[in-house]
Structure formats: C-alpha cells, structure tokens
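Asks: Sequence isn't available, so here's the structure alone:
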C-alpha cells in the first residue's frame, strides 16, 4: 500500500529562473543540478525530498522527473498549496528569455495529462505568482497561449474569444467554456437579432 502524502487539487506552474546555455541544450544538466542542490539544502529537515518540483520541461521538450507525485514539494511558498498541488517547472528564466514552441507544447501536454489523471479543472492550474508575491514564471511566459493549449480551443471559437476580450466582455481566456444561464443567452440572441434588424 502506497501512502499518499498529498491530495492533488492544483497544478502550479513555475520557471526555474536559470538561463539556458548552449552547452546544455536539453536542460538535463540544469535539472540534475537543481535536484542535487535541493537535496543538499533539505537533507536534514526533509531527507525524503528529491526536488523542488514534480516535473521539469526542457527547452527541447524533454520531460524530467523530480519529486514523486504522491509526495509534496517545497515549491510555492505556501504550505496549503504545497500539500495540495503538483509543481511543474519550465527550465529557463522567462523574465529574460523567450520559451521555445516545443517546450511550451510538450509542457502543456504534460499538464493536460496531469489534469485528466487528477481531475484538475483549468481554473486550478495556477502560476506561482497567483499564490505568492513573485515574478515566477516570468513576464515572458506565454500564459494565454499555454491556457489555449490546455483547453484545446479551436480557431473558430478563438476568434470569438479574442473579440470578447477586446471589447471587455470577458477578463481572460482561461475559462471560455464556463456555463452561461439560459436567460443570459436569450438576452444576447435578442440583442443580436435587434441589431441585425436595425441595420446598424
């Protein structure tokens, strides 16, 4: 019997804050050093802890394992989330760098698998900075595109979402499939019908 030390309700997205270098194109060496430094720092207090994240995603889309999924990571700066989340970190410093398309795509695929496995809704996939005061995962992290990958938004729906964002009907595109009550839908259709009749 495996004792689970966490109940996964959230997935928290990070960046490692390390600059990618030419001599380590996959990020494997960076990831190995992150785990080693973590184990050295916490060997007395948390001797079981393998790393600060459950998964890492390298610049070429490589997926690296960190802590076991059934154990918490010391990653968020908030014990509540540490005990209830999986930590996924993209290798790089996205305050400075721009993420490669393959890294974004493979990272989003991993997160989608974890969402399905643990029944985590899109609203519970959070950035580190959504929890505590930090810049992580960086100003250049392509959050809107990442969210679209998670939701599998197709192009015809995306045009409508972009328009709704532009005119201020919605505040973000992270939850475009939220339920609309029937009365609101009828109001929208009625207004649209009257708009067409008026010829404006």
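Replies: Right, received. Where do you want to start? Keep in mind that what you see is a predicted model, and the values were worked out from it rather than measured. Numbering: from 1, shown residues only.
Asks: And for residue 57, the neighbour number?
Replies: 31 (other Cβ atoms under 10 Å). Heads up, the C-betas are built off the backbone N, CA and C, glycines and all.
Asks: Need the phi and psi values for the spatially closest residue to it that is not a sequence neighbour.
Replies: Among residues not flanking residue 57 along the chain, residue 107 sits closest, at 4.0 Å (Cβ to Cβ, 6 or more residues apart in numbering). Dihedral angles of residue 107 (phi, psi; degrees, to the nearest 10) stand at phi -60, psi -40.
Asks: What of residue 90?
Replies: Backbone torsions of residue 90, given as degrees, to the nearest 10, read phi -90, psi 130.
Asks: check contacts around it.
Replies: Neighbouring residues of residue 90 by Cβ atoms under 8 Å, 6 or more residues apart in numbering: 13, 14, 15, 16, 56, 57, 99, 103, 104, 107, 137, 141.
Asks: Could you identify which of those has the most neighbours?
Replies: Within the contacts of residue 90, most neighbours by other Cβ under 10 Å means residue 57, with 31 neighbours.
Asks: so what's that residue scoring on pLDDT?
Replies: On pLDDT, residue 57 comes in at 97.
Asks: picking that back up, show me what contacts the residue nearest to residue 57?
Replies: Neighbouring residues of residue 107 by Cβ under 8 Å, 6+ apart: 57, 61, 88, 90, 146.
Asks: cool, and residue 95?
Replies: By Cβ under 8 Å, 6+ apart, the contact list for residue 95 reads 17, 135, 138, 139, 140.
Asks: ok, now residue 46?
Replies: For residue 46, the contact set (Cβ under 8 Å, 6+ apart) comprises residue 74.
Asks: and what of residue 42?
Replies: Per Cβ under 8 Å, 6+ apart, neighbours of residue 42: 49, 74.
Asks: just the strands in this structure please.
Replies: Along the chain, the stretches classed as strands by DSSP state E are 10-15, 55-57, 63-65, 85-90, 125-127.
Asks: Residue 69 contacts residue 53, doesn't it?
Replies: No: look at residue 69 against residue 53 with Cβ atoms under 8 Å: they stay out of range, at 11.4 Å.
Asks: Between these two, which has more neighbouring residues?
Replies: Between residue 69 and residue 53, residue 53 has the larger neighbour count (other Cβ under 10 Å), namely 27 against 16.
Asks: where does the chain have low pLDDT?
Replies: 1-4, 21-22, 153-161, 169-181, 193, 195, 199-200 (pLDDT under 70).
Asks: Tell me which residue lies nearest the centroid of this structure.
Replies: With distances taken as Cα atoms, centre = their mean, the residue of the chain nearest its centroid is residue 13 (4.2 Å).
Asks: And the contacts of stretch 58-73?
Replies: For stretch 58-73, contacts defined as Cβ under 8 Å, 6+ apart pick out 2-6, 8, 20, 25-28, 31, 34-35, 48-57, 82-83, 86-87, 89, 91-92, 99-100, 102-103, 105-107, 110.
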